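> What would the 3D arrangement of this be:
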Amino acid sequence: MSILNILYEMRFLSFAIPMITLRRNKENVYSQMSDDTLMMGKILTERKTIYSMKFGVSGTPDRIIGTVDSVIPMMFREMQAPDGPRMSHMIQMGVFFLILPEIYPGMYVRYGVLTYTDSKYRIANSLTLKNEVLARLDEIFRTNGIPTRNHNDPARCMSCPYSGGCMQRLIE
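You can find the predicted model right below:
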């Protein structure tokens, strides 16, 4: 076996091992935090819209905390989360994870904090979450921003902010 073949095989292994780990830890995207966990750092911004030129997305975190080498996006939701964080909120946090490295180059974005009235969660900046966000962004761009209805509930259509222009709405 030549040196080039050995290097190629090692390159494959260095790629495959993280993938195996990701599959094994796929559910470890978030963990519950104690309510008395202190967030140490300086408040960099509050309720300021941030943009990504690279991904073509924007978002407004409630707060961004800066530490020595990292930034931590925070979201506060005035609702309960009895079964864990809502997927839509985790996706929103994942969007912040995409945007923040452009705004704060050289700073790490290891996790974000999602706070509900009854609980607090540490959302990991994981490859699993990033892939989910990128898949949803791809769908948005492929459909020109027109969402595909994923339910048969007229009540959900009534409260949807897109129902006015939606061609799939269940209400008139």
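> rounded to a whole number, what's the mean pLDDT of stretch 65-73?
Stretch 65-73 carries an average pLDDT of 92.
> Which positions within that stretch qualify as buried?
65, 70-73 (16 or more other CB atoms under 10 Å). All C-beta spots, glycine's among them, are computed from the backbone N, C-alpha and C.
> How about stretch 155-170?
157, 160, 163, 166, 169-170.
> Relative to residue 92, which of those residues is nearest.
Taking CB to CB as the measure, residue 92 sits nearest to residue 160 out of these, at 16.5 Å.
> Next up, the contacts around residue 73.
Counting by CB atoms under 8 Å, 6 or more residues apart in numbering, residue 73 makes contact with 61, 63-64, 93, 96-97, 100, 109, 112-113.
> quick one, phi psi at residue 134?
With angles defined as degrees, to the nearest 10, residue 134 sits at phi -60, psi -40.
> and of the contacts of residue 73, the nearest to residue 127?
residue 97 (10.7 Å).
> and that closest one, what does it touch?
73, 109, 112, 125, 129-130, 133.
> ok, back up a step: just the buried residues of stretch 155-170 now: which is nearest residue 104?
Looking across the buried residues of stretch 155-170 and measuring by CB to CB, the closest to residue 104 is residue 160, at 33.6 Å.
> quick one: which of the buried residues of stretch 155-170 is nearest residue 84?
For the buried residues of stretch 155-170, the nearest to residue 84 is residue 160 (23.4 Å; CB to CB).
> Not counting sequence-adjacent ones, nearest residue to the closest one?
residue 166 (7.1 Å; CB to CB, 6 or more residues apart in numbering).
> Just give me the closest of the contacts of residue 97 to residue 87.
residue 129 (10.2 Å).
> Quick check, central residue of this structure?
residue 94 (1.3 Å; CA atoms, centre = their mean).
> which stretch of helix or strand covers the closest residue to that residue other than its chain neighbours?
Leaving aside its sequence neighbours, residue 94 sits nearest to residue 133 (CB to CB, 6+ apart; 3.7 Å). Assigned by DSSP states H and E, residue 133 falls within helix 127-142.
> again, but for residue 94
helix 87-103.
> In that helix, which of the residues would be classed as buried?
Applying 16+ other CB under 10 Å to helix 87-103 flags 89-90, 92-101, 103 as buried.
> Which element is encountered next along the chain beyond it?
Following helix 87-103 in sequence, per DSSP H and E, is strand 111-115.
> Many thanks, we can stop here.
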